[in-house]
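**Q** With the sequence up front, the predicted model follows.
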Amino acid sequence: MVKKERPLILVALVCCLATAAFFGLCERLYGAEGYYEPTWRSLKEHSIPQWLKDAKFGIYCHWNPARRGEVSPEFGKNFDAEEWAKLFKRAGAQYAGPVAEHWGGFAMWDSKYTENNSVDKYPHVDIVGELSKAIKKRGMKFFVSFHRPEQKLAEELGTNDREVVEKYQPDLVWFDVSLGGTLDARNWGRYVGGKNIHNKDNYLLAEKPGFPSGGVKEQYRKEFIAYYYNKAKEWGKEVEVLYKEYDLPPGVGMLDIEDGRMCKLSYVEWINDMGIGEPTSWWYHKGMNYKSANTLIDELVDMVSKNGRLLLNVGPKQDGTFTEAAKERLLEIGKWLDVNGEAIYGTTAWVIYGEGPTELTDNDVYEYARKSDFDFERLNSLIEEGKIQTGHYTQDYKVNYKPEDIRFTVKGDCLYAICLGWPGEEITIESLGSRAALKPGEIKKVMMLGVDKQLKWDHREEGLTIKTPRTKPCKYAYSFKIIRK
(Lines give C-alpha, C1' and ligand atoms only; values in the text may rest on other atoms or scores of the structure.)
Protein backbone atom coordinates (compact mmCIF):
# COMPACT_ATOMS: atom_id res chain seq x y z
CA MET A 1 0.00 0.00 0.00
CA VAL A 2 1.30 3.43 -0.92
CA LYS A 3 1.90 5.58 2.18
CA LYS A 4 0.01 8.62 0.85
CA GLU A 5 -3.13 6.48 0.55
CA ARG A 6 -3.18 5.71 4.30
CA PRO A 7 -4.39 9.20 5.42
CA LEU A 8 -7.22 8.99 2.90
CA ILE A 9 -8.24 5.60 4.26
CA LEU A 10 -8.09 6.90 7.83
CA VAL A 11 -10.21 9.93 6.90
CA ALA A 12 -12.76 7.66 5.22
CA LEU A 13 -12.80 5.38 8.27
CA VAL A 14 -13.37 8.32 10.64
CA CYS A 15 -16.20 9.58 8.42
CA CYS A 16 -17.82 6.16 8.41
CA LEU A 17 -17.58 5.90 12.19
CA ALA A 18 -19.00 9.42 12.63
CA THR A 19 -21.86 8.63 10.25
CA ALA A 20 -22.59 5.39 12.09
CA ALA A 21 -22.56 7.23 15.41
CA PHE A 22 -24.94 9.88 14.05
CA PHE A 23 -27.40 7.36 12.70
CA GLY A 24 -27.04 5.33 15.89
CA LEU A 25 -28.05 8.41 17.89
CA CYS A 26 -31.02 9.01 15.59
CA GLU A 27 -32.04 5.38 15.96
CA ARG A 28 -31.83 5.66 19.75
CA LEU A 29 -33.94 8.80 19.73
CA TYR A 30 -36.54 7.85 17.16
CA GLY A 31 -35.99 4.63 15.26
CA ALA A 32 -35.14 2.18 18.03
CA GLU A 33 -37.79 -0.12 19.41
CA GLY A 34 -39.99 1.73 21.86
CA TYR A 35 -38.80 5.20 20.88
CA TYR A 36 -41.07 7.71 19.22
CA GLU A 37 -40.92 9.94 16.18
CA PRO A 38 -42.78 13.28 16.15
CA THR A 39 -45.59 11.84 14.01
CA TRP A 40 -49.11 10.91 15.07
CA ARG A 41 -48.65 7.39 13.74
CA SER A 42 -45.59 6.84 15.91
CA LEU A 43 -47.09 8.54 18.97
CA LYS A 44 -50.21 6.37 18.75
CA GLU A 45 -47.98 3.37 19.47
CA HIS A 46 -47.75 4.73 23.01
CA SER A 47 -49.90 2.84 25.53
CA ILE A 48 -51.60 4.25 28.60
CA PRO A 49 -49.49 3.11 31.58
CA GLN A 50 -50.99 0.28 33.58
CA TRP A 51 -50.41 2.24 36.77
CA LEU A 52 -52.71 4.99 35.47
CA LYS A 53 -55.35 2.49 34.41
CA ASP A 54 -55.25 1.13 37.98
CA ALA A 55 -54.94 4.47 39.80
CA LYS A 56 -58.44 5.90 40.01
CA PHE A 57 -58.04 8.92 42.28
CA GLY A 58 -55.63 11.85 42.23
CA ILE A 59 -55.38 15.43 43.54
CA TYR A 60 -54.03 18.64 42.03
CA CYS A 61 -54.06 22.26 43.12
CA HIS A 62 -54.85 25.55 41.40
CA TRP A 63 -52.55 27.89 43.31
CA ASN A 64 -50.70 30.90 41.97
CA PRO A 65 -50.09 34.59 42.76
CA ALA A 66 -53.04 36.82 41.95
CA ARG A 67 -51.36 38.94 39.24
CA ARG A 68 -48.21 38.81 37.17
CA GLY A 69 -45.37 40.74 38.76
CA GLU A 70 -47.30 41.46 41.96
CA VAL A 71 -46.31 38.63 44.26
CA SER A 72 -47.32 39.36 47.82
CA PRO A 73 -45.19 38.29 50.81
CA GLU A 74 -48.35 36.47 51.90
CA PHE A 75 -48.06 34.06 48.97
CA GLY A 76 -46.76 30.69 50.15
CA LYS A 77 -45.48 31.87 53.54
CA ASN A 78 -46.92 28.74 55.23
CA PHE A 79 -46.40 26.33 52.33
CA ASP A 80 -45.18 22.92 53.48
CA ALA A 81 -44.73 20.28 50.78
CA GLU A 82 -44.51 17.50 53.37
CA GLU A 83 -47.88 18.47 54.87
CA TRP A 84 -49.47 18.60 51.42
CA ALA A 85 -48.14 15.16 50.52
CA LYS A 86 -49.24 13.66 53.86
CA LEU A 87 -52.76 15.01 53.33
CA PHE A 88 -52.93 13.68 49.76
CA LYS A 89 -51.73 10.26 50.91
CA ARG A 90 -54.27 10.11 53.73
CA ALA A 91 -56.97 11.06 51.22
CA GLY A 92 -56.15 7.92 49.23
CA ALA A 93 -54.67 9.72 46.20
CA GLN A 94 -52.40 7.70 43.94
CA TYR A 95 -51.15 10.67 41.91
CA ALA A 96 -50.87 14.32 42.88
CA GLY A 97 -49.16 17.61 42.07
CA PRO A 98 -49.45 21.33 41.36
CA VAL A 99 -50.41 23.64 38.55
CA ALA A 100 -46.89 24.48 37.39
CA GLU A 101 -47.83 27.65 35.52
CA HIS A 102 -51.10 29.47 34.97
CA TRP A 103 -52.12 32.30 32.68
CA GLY A 104 -50.32 34.92 34.72
CA GLY A 105 -47.01 33.41 33.62
CA PHE A 106 -45.65 32.82 37.13
CA ALA A 107 -43.42 29.71 37.16
CA MET A 108 -43.90 27.62 40.31
CA TRP A 109 -40.39 26.18 40.03
CA ASP A 110 -36.75 27.20 39.97
CA SER A 111 -36.62 28.38 36.35
CA LYS A 112 -33.61 29.67 34.47
CA TYR A 113 -35.83 31.09 31.72
CA THR A 114 -37.75 33.64 33.78
CA GLU A 115 -37.19 35.57 36.99
CA ASN A 116 -40.95 35.52 37.52
CA ASN A 117 -40.76 32.30 39.50
CA SER A 118 -41.31 31.01 43.03
CA VAL A 119 -37.61 30.95 43.91
CA ASP A 120 -36.59 34.44 42.76
CA LYS A 121 -39.83 35.85 44.20
CA TYR A 122 -42.04 34.88 47.13
CA PRO A 123 -42.12 32.38 48.70
CA HIS A 124 -38.49 31.76 47.57
CA VAL A 125 -39.21 28.04 47.39
CA ASP A 126 -39.07 25.59 44.48
CA ILE A 127 -42.71 24.56 44.86
CA VAL A 128 -42.76 22.03 42.02
CA GLY A 129 -39.45 20.56 43.17
CA GLU A 130 -40.43 20.27 46.83
CA LEU A 131 -43.77 18.67 45.98
CA SER A 132 -42.08 16.31 43.52
CA LYS A 133 -39.84 14.97 46.28
CA ALA A 134 -42.54 14.78 48.96
CA ILE A 135 -45.13 13.12 46.72
CA LYS A 136 -42.78 10.56 45.18
CA LYS A 137 -41.37 9.72 48.64
CA ARG A 138 -44.84 8.50 49.67
CA GLY A 139 -45.27 6.22 46.69
CA MET A 140 -47.59 8.47 44.69
CA LYS A 141 -47.07 9.41 41.05
CA PHE A 142 -46.17 13.04 40.36
CA PHE A 143 -48.40 15.31 38.26
CA VAL A 144 -47.90 18.79 36.75
CA SER A 145 -50.21 20.89 34.62
CA PHE A 146 -49.80 23.94 32.38
CA HIS A 147 -52.56 26.52 31.89
CA ARG A 148 -51.41 29.25 29.52
CA PRO A 149 -52.56 31.22 26.47
CA GLU A 150 -51.62 29.21 23.41
CA GLN A 151 -49.13 31.66 21.93
CA LYS A 152 -47.14 31.66 25.13
CA LEU A 153 -47.44 27.89 25.31
CA ALA A 154 -46.13 27.54 21.75
CA GLU A 155 -43.11 29.67 22.59
CA GLU A 156 -42.38 27.69 25.74
CA LEU A 157 -42.90 24.08 24.61
CA GLY A 158 -39.17 24.17 23.89
CA THR A 159 -38.17 25.92 27.12
CA ASN A 160 -40.31 26.00 30.27
CA ASP A 161 -42.23 22.77 29.70
CA ARG A 162 -39.09 20.86 28.82
CA GLU A 163 -37.30 22.38 31.79
CA VAL A 164 -39.98 20.99 34.11
CA VAL A 165 -39.73 17.59 32.43
CA GLU A 166 -35.94 17.53 32.71
CA LYS A 167 -35.75 18.73 36.32
CA TYR A 168 -38.66 16.86 37.95
CA GLN A 169 -39.45 13.84 35.73
CA PRO A 170 -43.25 14.03 36.12
CA ASP A 171 -45.35 10.92 35.59
CA LEU A 172 -48.29 12.93 34.24
CA VAL A 173 -48.24 16.16 32.22
CA TRP A 174 -51.54 17.88 31.51
CA PHE A 175 -52.23 20.75 29.14
CA ASP A 176 -55.34 22.81 29.71
CA VAL A 177 -57.54 24.35 27.00
CA SER A 178 -54.86 25.97 24.85
CA LEU A 179 -52.99 22.95 23.47
CA GLY A 180 -55.22 22.56 20.42
CA GLY A 181 -57.95 25.09 21.05
CA THR A 182 -60.84 22.71 20.38
CA LEU A 183 -62.51 23.11 23.78
CA ASP A 184 -62.54 26.92 23.55
CA ALA A 185 -63.94 26.67 20.03
CA ARG A 186 -66.70 24.37 21.23
CA ASN A 187 -67.53 26.72 24.10
CA TRP A 188 -68.40 29.41 21.56
CA GLY A 189 -70.39 27.10 19.29
CA ARG A 190 -67.83 26.86 16.48
CA TYR A 191 -66.58 23.31 16.81
CA VAL A 192 -68.24 20.20 18.24
CA GLY A 193 -67.36 16.51 18.13
CA GLY A 194 -64.30 16.91 15.94
CA LYS A 195 -66.15 18.94 13.30
CA ASN A 196 -66.37 22.62 12.46
CA ILE A 197 -69.97 23.81 12.43
CA HIS A 198 -71.09 24.83 8.96
CA ASN A 199 -71.44 28.58 8.33
CA LYS A 200 -69.97 29.51 11.73
CA ASP A 201 -66.74 31.44 12.35
CA ASN A 202 -63.69 29.23 12.02
CA TYR A 203 -62.85 29.95 15.63
CA LEU A 204 -60.39 27.09 15.94
CA LEU A 205 -57.88 29.04 13.86
CA ALA A 206 -58.76 32.57 14.97
CA GLU A 207 -58.95 34.66 18.14
CA LYS A 208 -62.01 35.93 19.93
CA PRO A 209 -61.37 39.28 21.70
CA GLY A 210 -60.71 38.70 25.38
CA PHE A 211 -60.73 34.93 25.02
CA PRO A 212 -57.86 33.81 22.78
CA SER A 213 -57.92 30.44 21.11
CA GLY A 214 -56.45 28.80 18.06
CA GLY A 215 -54.18 26.30 19.71
CA VAL A 216 -50.53 25.38 19.39
CA LYS A 217 -49.07 24.59 15.96
CA GLU A 218 -49.47 20.87 15.34
CA GLN A 219 -45.75 20.21 14.87
CA TYR A 220 -44.95 21.73 18.28
CA ARG A 221 -47.42 19.32 19.89
CA LYS A 222 -45.91 16.30 18.17
CA GLU A 223 -42.34 17.30 18.97
CA PHE A 224 -43.01 17.91 22.66
CA ILE A 225 -44.94 14.67 23.18
CA ALA A 226 -42.26 12.64 21.37
CA TYR A 227 -39.62 14.36 23.50
CA TYR A 228 -41.50 13.59 26.74
CA TYR A 229 -42.25 9.96 25.87
CA ASN A 230 -38.64 9.38 24.79
CA LYS A 231 -37.36 10.98 28.00
CA ALA A 232 -39.52 8.54 29.95
CA LYS A 233 -37.83 5.68 28.11
CA GLU A 234 -34.46 7.02 29.25
CA TRP A 235 -35.76 7.24 32.83
CA GLY A 236 -37.18 3.71 32.66
CA LYS A 237 -40.69 4.80 33.62
CA GLU A 238 -44.16 5.00 32.08
CA VAL A 239 -45.74 8.42 31.63
CA GLU A 240 -48.84 9.96 30.10
CA VAL A 241 -50.07 13.21 28.56
CA LEU A 242 -53.58 14.42 29.40
CA TYR A 243 -55.51 16.61 26.97
CA LYS A 244 -58.99 18.01 26.39
CA GLU A 245 -61.65 17.66 23.71
CA TYR A 246 -59.99 17.00 20.30
CA ASP A 247 -56.58 18.59 20.87
CA LEU A 248 -54.79 15.30 20.08
CA PRO A 249 -55.73 12.36 17.86
CA PRO A 250 -57.28 9.35 19.62
CA GLY A 251 -54.69 7.11 21.25
CA VAL A 252 -51.89 9.66 21.68
CA GLY A 253 -52.73 10.52 25.31
CA MET A 254 -55.60 10.23 27.78
CA LEU A 255 -58.75 12.28 27.30
CA ASP A 256 -59.68 14.71 30.08
CA ILE A 257 -63.25 15.89 30.66
CA GLU A 258 -63.25 19.18 32.53
CA ASP A 259 -65.45 19.21 35.63
CA GLY A 260 -67.99 16.93 33.99
CA ARG A 261 -69.20 13.37 33.69
CA MET A 262 -70.23 10.70 31.21
CA CYS A 263 -73.72 9.24 31.00
CA LYS A 264 -72.69 5.88 29.58
CA LEU A 265 -69.92 3.26 29.63
CA SER A 266 -66.94 4.54 27.65
CA TYR A 267 -64.67 2.31 25.62
CA VAL A 268 -62.01 5.04 25.81
CA GLU A 269 -59.99 5.42 29.01
CA TRP A 270 -60.68 8.91 30.38
CA ILE A 271 -60.07 11.18 33.36
CA ASN A 272 -62.16 13.94 34.91
CA ASP A 273 -60.59 17.00 36.51
CA MET A 274 -63.23 18.18 38.96
CA GLY A 275 -63.29 21.11 41.35
CA ILE A 276 -64.05 20.53 45.01
CA GLY A 277 -66.07 23.76 45.18
CA GLU A 278 -69.83 24.04 44.71
CA PRO A 279 -70.51 25.67 42.29
CA THR A 280 -67.16 24.93 40.73
CA SER A 281 -64.37 27.27 41.70
CA TRP A 282 -60.86 26.30 40.66
CA TRP A 283 -59.27 28.78 43.08
CA TYR A 284 -59.85 29.15 46.80
CA HIS A 285 -61.87 32.20 47.73
CA LYS A 286 -63.15 33.30 51.11
CA GLY A 287 -66.59 31.94 51.94
CA MET A 288 -66.62 29.33 49.18
CA ASN A 289 -68.82 26.27 49.50
CA TYR A 290 -67.56 22.74 49.08
CA LYS A 291 -69.13 19.64 47.59
CA SER A 292 -70.02 17.13 50.30
CA ALA A 293 -67.88 14.04 50.83
CA ASN A 294 -70.91 11.97 49.82
CA THR A 295 -71.17 13.79 46.47
CA LEU A 296 -67.43 13.45 45.79
CA ILE A 297 -67.47 9.72 46.56
CA ASP A 298 -70.57 9.08 44.45
CA GLU A 299 -68.97 10.88 41.51
CA LEU A 300 -65.72 8.91 41.94
CA VAL A 301 -67.61 5.60 41.94
CA ASP A 302 -69.70 6.60 38.91
CA MET A 303 -66.59 7.62 36.94
CA VAL A 304 -64.70 4.42 37.72
CA SER A 305 -67.69 2.28 36.68
CA LYS A 306 -67.66 4.05 33.28
CA ASN A 307 -63.94 3.46 32.59
CA GLY A 308 -62.83 6.79 34.06
CA ARG A 309 -60.92 8.17 37.03
CA LEU A 310 -61.02 11.34 39.14
CA LEU A 311 -58.45 14.14 39.38
CA LEU A 312 -59.81 16.37 42.15
CA ASN A 313 -58.76 20.02 42.28
CA VAL A 314 -58.34 21.42 45.80
CA GLY A 315 -57.17 25.03 45.88
CA PRO A 316 -55.19 26.15 48.94
CA LYS A 317 -55.31 29.63 50.42
CA GLN A 318 -52.74 32.20 49.32
CA ASP A 319 -50.49 31.37 52.26
CA GLY A 320 -50.25 27.75 51.08
CA THR A 321 -52.52 26.08 53.65
CA PHE A 322 -55.80 24.26 53.11
CA THR A 323 -59.06 25.15 54.82
CA GLU A 324 -60.46 22.83 57.45
CA ALA A 325 -63.46 22.19 55.19
CA ALA A 326 -61.19 21.03 52.34
CA LYS A 327 -59.14 18.81 54.64
CA GLU A 328 -62.30 17.33 56.12
CA ARG A 329 -63.56 16.29 52.66
CA LEU A 330 -60.23 14.77 51.69
CA LEU A 331 -59.93 12.79 54.91
CA GLU A 332 -63.51 11.53 54.53
CA ILE A 333 -62.65 10.24 51.05
CA GLY A 334 -59.56 8.58 52.52
CA LYS A 335 -61.58 6.86 55.25
CA TRP A 336 -64.05 5.59 52.67
CA LEU A 337 -61.24 4.28 50.46
CA ASP A 338 -59.65 2.53 53.46
CA VAL A 339 -62.79 0.37 53.56
CA ASN A 340 -63.83 0.31 49.90
CA GLY A 341 -60.61 0.86 47.98
CA GLU A 342 -60.58 -2.79 46.90
CA ALA A 343 -63.62 -2.03 44.72
CA ILE A 344 -61.87 1.03 43.18
CA TYR A 345 -58.08 0.63 42.93
CA GLY A 346 -56.84 -1.75 40.25
CA THR A 347 -60.33 -2.51 38.96
CA THR A 348 -61.68 -2.29 35.45
CA ALA A 349 -65.06 -1.31 34.13
CA TRP A 350 -67.44 -4.23 33.58
CA VAL A 351 -69.75 -4.99 30.65
CA ILE A 352 -72.52 -3.12 32.51
CA TYR A 353 -71.66 0.08 34.38
CA GLY A 354 -74.70 0.08 36.64
CA GLU A 355 -78.41 0.14 37.24
CA GLY A 356 -80.94 2.24 39.15
CA PRO A 357 -83.60 4.92 38.84
CA THR A 358 -81.35 7.94 38.25
CA GLU A 359 -80.91 8.67 34.56
CA LEU A 360 -78.65 11.22 32.87
CA THR A 361 -79.60 12.66 29.51
CA ASP A 362 -77.25 12.47 26.56
CA ASN A 363 -78.39 15.63 24.80
CA ASP A 364 -76.14 16.57 21.90
CA VAL A 365 -74.45 19.92 22.53
CA TYR A 366 -74.05 20.17 18.75
CA GLU A 367 -77.79 20.71 18.33
CA TYR A 368 -77.70 23.73 20.64
CA ALA A 369 -74.59 25.08 18.94
CA ARG A 370 -76.02 24.63 15.43
CA LYS A 371 -79.47 26.10 16.03
CA SER A 372 -78.71 29.11 18.23
CA ASP A 373 -76.26 31.88 19.02
CA PHE A 374 -74.52 29.47 21.31
CA ASP A 375 -71.68 30.67 23.52
CA PHE A 376 -69.98 29.84 26.80
CA GLU A 377 -72.50 31.74 28.92
CA ARG A 378 -75.38 30.03 27.15
CA LEU A 379 -73.72 26.65 27.72
CA ASN A 380 -73.57 27.32 31.46
CA SER A 381 -77.26 28.22 31.52
CA LEU A 382 -78.18 25.02 29.70
CA ILE A 383 -76.19 22.98 32.20
CA GLU A 384 -77.70 24.68 35.23
CA GLU A 385 -81.17 24.12 33.75
CA GLY A 386 -80.39 20.41 33.38
CA LYS A 387 -80.74 20.44 29.59
CA ILE A 388 -77.15 19.23 29.25
CA GLN A 389 -76.13 16.77 31.99
CA THR A 390 -73.05 15.04 30.60
CA GLY A 391 -69.76 16.24 29.14
CA HIS A 392 -67.57 19.21 30.03
CA TYR A 393 -68.61 21.50 32.93
CA THR A 394 -71.68 19.48 33.90
CA GLN A 395 -70.70 19.08 37.56
CA ASP A 396 -72.66 22.30 38.07
CA TYR A 397 -75.71 20.12 37.49
CA LYS A 398 -75.97 18.21 40.75
CA VAL A 399 -77.06 14.58 40.52
CA ASN A 400 -78.83 13.26 43.61
CA TYR A 401 -78.13 9.53 43.52
CA LYS A 402 -80.33 7.09 45.43
CA PRO A 403 -79.46 3.88 47.33
CA GLU A 404 -80.97 1.89 44.43
CA ASP A 405 -78.36 3.39 42.08
CA ILE A 406 -75.68 0.71 41.79
CA ARG A 407 -72.32 0.83 40.02
CA PHE A 408 -70.18 -2.16 38.99
CA THR A 409 -66.43 -2.72 38.86
CA VAL A 410 -64.49 -5.96 38.43
CA LYS A 411 -61.12 -7.40 39.46
CA GLY A 412 -60.14 -11.00 38.80
CA ASP A 413 -63.01 -13.32 39.80
CA CYS A 414 -64.61 -10.64 41.96
CA LEU A 415 -67.48 -8.44 40.85
CA TYR A 416 -68.16 -5.37 42.98
CA ALA A 417 -71.64 -3.84 43.19
CA ILE A 418 -71.47 -0.43 44.89
CA CYS A 419 -74.71 1.05 46.20
CA LEU A 420 -74.70 4.86 46.27
CA GLY A 421 -76.50 4.87 49.63
CA TRP A 422 -77.56 2.40 52.32
CA PRO A 423 -79.92 -0.13 50.68
CA GLY A 424 -81.83 -1.13 53.82
CA GLU A 425 -82.26 -4.68 55.14
CA GLU A 426 -81.90 -6.25 51.69
CA ILE A 427 -81.42 -5.32 48.07
CA THR A 428 -82.21 -7.02 44.78
CA ILE A 429 -79.77 -6.29 41.95
CA GLU A 430 -81.73 -6.93 38.78
CA SER A 431 -78.74 -6.79 36.45
CA LEU A 432 -77.26 -9.83 38.19
CA GLY A 433 -80.30 -12.09 37.73
CA SER A 434 -79.77 -15.55 36.24
CA ARG A 435 -81.48 -14.48 33.00
CA ALA A 436 -79.26 -11.37 32.86
CA ALA A 437 -75.53 -11.02 33.51
CA LEU A 438 -74.80 -13.83 36.01
CA LYS A 439 -75.88 -17.34 35.10
CA PRO A 440 -76.95 -20.11 37.53
CA GLY A 441 -74.09 -21.52 39.59
CA GLU A 442 -71.69 -18.62 38.97
CA ILE A 443 -71.80 -17.13 42.46
CA LYS A 444 -69.57 -18.62 45.14
CA LYS A 445 -70.21 -16.19 48.01
CA VAL A 446 -71.18 -12.60 48.72
CA MET A 447 -69.62 -10.19 51.22
CA MET A 448 -69.66 -6.47 51.98
CA LEU A 449 -66.32 -4.68 52.16
CA GLY A 450 -65.57 -3.78 55.77
CA VAL A 451 -67.65 -6.67 57.15
CA ASP A 452 -65.87 -9.88 58.23
CA LYS A 453 -68.60 -12.38 57.46
CA GLN A 454 -70.44 -13.80 54.48
CA LEU A 455 -73.88 -12.44 53.65
CA LYS A 456 -77.02 -14.40 52.89
CA TRP A 457 -78.06 -14.24 49.26
CA ASP A 458 -80.56 -15.71 46.81
CA HIS A 459 -79.94 -15.89 43.07
CA ARG A 460 -83.00 -16.04 40.84
CA GLU A 461 -84.06 -15.04 37.34
CA GLU A 462 -85.27 -11.63 38.46
CA GLY A 463 -82.11 -10.69 40.30
CA LEU A 464 -79.55 -11.29 43.04
CA THR A 465 -81.09 -10.59 46.45
CA ILE A 466 -78.65 -9.87 49.30
CA LYS A 467 -79.33 -9.51 53.03
CA THR A 468 -77.31 -6.58 54.36
CA PRO A 469 -75.33 -6.68 57.63
CA ARG A 470 -76.76 -5.08 60.75
CA THR A 471 -73.90 -2.60 61.12
CA LYS A 472 -72.82 -0.19 58.40
CA PRO A 473 -69.07 -0.43 57.69
CA CYS A 474 -68.77 3.21 56.51
CA LYS A 475 -70.76 6.42 56.07
CA TYR A 476 -71.35 6.68 52.33
CA ALA A 477 -71.48 4.24 49.38
CA TYR A 478 -71.45 0.51 50.21
CA SER A 479 -69.60 -2.19 48.27
CA PHE A 480 -70.84 -5.74 47.85
CA LYS A 481 -68.10 -8.19 46.86
CA ILE A 482 -69.49 -11.01 44.70
CA ILE A 483 -66.99 -13.84 44.42
CA ARG A 484 -67.56 -15.98 41.37
CA LYS A 485 -66.58 -19.57 40.70
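**A** Thanks, I have the structure now. Source: prediction; values computed, not measured. Numbering: from 1, shown residues only.
**Q** contacting residues around the residue most central in space within the chain?
**A** Most central in the chain under C-alpha atoms, centre = their mean is residue 271, positioned 3.9 Å from the mean C-alpha point. Applying C-beta atoms under 8 Å, 6 or more residues apart in numbering to residue 271 gives the contacts 242, 254, 255, 256, 257, 308, 309, 310, 311. Quick note: C-beta positions are derived from backbone N, CA and C, even for glycine.
**Q** now those as JSON lines including distance to residue 395 and neighbour count?
**A** As requested, the contacts of residue 271 are arranged in JSON lines below (distance: C-beta to C-beta, whole Å; neighbours: other C-beta atoms under 10 Å):
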{"residue": "242", "distance to residue 395": "17", "neighbour count": "22"}
{"residue": "254", "distance to residue 395": "19", "neighbour count": "22"}
{"residue": "255", "distance to residue 395": "17", "neighbour count": "20"}
{"residue": "256", "distance to residue 395": "13", "neighbour count": "24"}
{"residue": "257", "distance to residue 395": "10", "neighbour count": "24"}
{"residue": "308", "distance to residue 395": "13", "neighbour count": "25"}
{"residue": "309", "distance to residue 395": "15", "neighbour count": "22"}
{"residue": "310", "distance to residue 395": "11", "neighbour count": "23"}
{"residue": "311", "distance to residue 395": "13", "neighbour count": "23"}
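**Q** of those residues, closest to residue 164?
**A** Of all the contacts of residue 271, residue 164 sits closest to residue 242, with 14.6 Å by C-beta to C-beta.
**Q** pretty sure the closest one belongs to a helix, no?
**A** No - counting by DSSP: H, G, I helix; E, B strand; the rest coil, one finds residue 242 to be strand, located in no helix.
**Q** was I right about it contacting residue 171?
**A** No - Residue 242 is not in contact with residue 171 according to C-beta atoms under 8 Å; the separation is 11.1 Å.
**Q** tell me the SS of the residue nearest to the centre of the chain?
**A** Looking at residue 271 with three-state DSSP, the answer is strand.
**Q** tell me the pLDDT at it?
**A** Per-residue pLDDT puts residue 271 at 98.
**Q** Run through the bridge partners of it.
**A** With DSSP bridges as the criterion, residue 271 is bridged to residue 256.
**Q** For the closest residue to residue 115 other than its chain neighbours, which three-state class applies?
**A** Computed as C-beta to C-beta, 6 or more residues apart in numbering, the closest residue to residue 115 that is not its neighbour in sequence is residue 121, at 7.6 Å. What three-state DSSP gives for residue 121 is coil.
**Q** swap in residue 401?
**A** Following three-state DSSP, the label given to residue 401 is coil.
**Q** Just to check, it is in contact with residue 298?
**A** Yes - here residue 401 reaches residue 298: they are 5.0 Å apart, a contact under C-beta under 8 Å.
**Q** Residue 377 and residue 189, how far apart?
**A** 11 Å (C-beta to C-beta, to the nearest Å).
**Q** quick one, which of the two is more surrounded?
**A** Neighbour tally, residue 377 and residue 189, criterion other C-beta atoms under 10 Å: the higher count belongs to residue 189, 24 against 10.
**Q** now that one: how far from residue 299?
**A** Taking C-beta to C-beta, one finds residue 189 at 27 Å from residue 299.
**Q** cool, and residue 374?
**A** In terms of C-beta to C-beta, residue 374 sits 26 Å off from residue 299.
**Q** Equivalent analysis for residue 97, please.
**A** Here the distance between residue 97 and residue 299 works out to 21 Å (C-beta to C-beta).
**Q** Between those two, which has more neighbouring residues?
**A** residue 97 (31 against 21).
**Q** contacting residues for the residue lying closest to the more buried one once chain neighbours are set aside?
**A** Take residue 97 and drop its neighbours on the chain: the residue closest to it by C-beta to C-beta, 6+ apart is residue 143, 3.4 Å away. Residues near residue 143 by C-beta under 8 Å, 6+ apart: 58, 60, 95, 96, 97, 170, 171, 172, 173, 174, 311.
**Q** next one: residue 147
**A** 99, 101, 102, 103, 176, 177, 178.
**Q** Can you report how many residues lie near residue 50?
**A** Counted with other C-beta under 10 Å, residue 50 comes out at 10.
**Q** Let me fix that, I meant to ask about residue 341.
**A** Neighbourhood size, residue 341 [other C-beta under 10 Å]: 18.
**Q** Mind pulling up the pLDDT for it?
**A** Looking at residue 341, the pLDDT reads 98.
**Q** And the one 4 residues further on, by the same measure?
**A** At residue 345, the model reports a pLDDT of 98.
**Q** Can you name the residues that contact it?
**A** 54, 55, 56, 94, 337.
**Q** Of those, which qualify as buried by neighbour count?
**A** For the contacts of residue 345, a burial check counting by 16 or more other C-beta atoms under 10 Å picks out 55, 56, 94, 337.
**Q** In helices only, show me those.
**A** If you go by DSSP state H, the buried ones among the contacts of residue 345 have residue 337 in helices.
**Q** Give me the buried entries from the contacts of residue 147.
**A** 99, 101, 102, 176, 177, 178.
**Q** Could you pick out the one among the residues you listed with the lowest pLDDT?
**A** pLDDT across the buried ones among the contacts of residue 147 is lowest for residue 178, at 75.
**Q** So that one sits against residue 221, correct?
**A** No - Residue 178 lies out of contact with residue 221 (C-beta under 8 Å); the separation is 11.0 Å.
**Q** ok, residue 416 - contacts?
**A** 342, 343, 347, 408, 409, 410, 449, 479, 480, 481, 482.
**Q** Reformat those residues as a markdown table; add secondary structure.
**A** What follows is the contacts of residue 416, written out as a markdown table (three-state DSSP):
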| residue | secondary structure |
| --- | --- |
| 342 | helix |
| 343 | helix |
| 347 | coil |
| 408 | strand |
| 409 | strand |
| 410 | strand |
| 449 | coil |
| 479 | strand |
| 480 | strand |
| 481 | strand |
| 482 | strand |
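**Q** and of those, the nearest to residue 70?
**A** Nearest to residue 70, judged by C-beta to C-beta, of the contacts of residue 416 is residue 347 at 46.3 Å.
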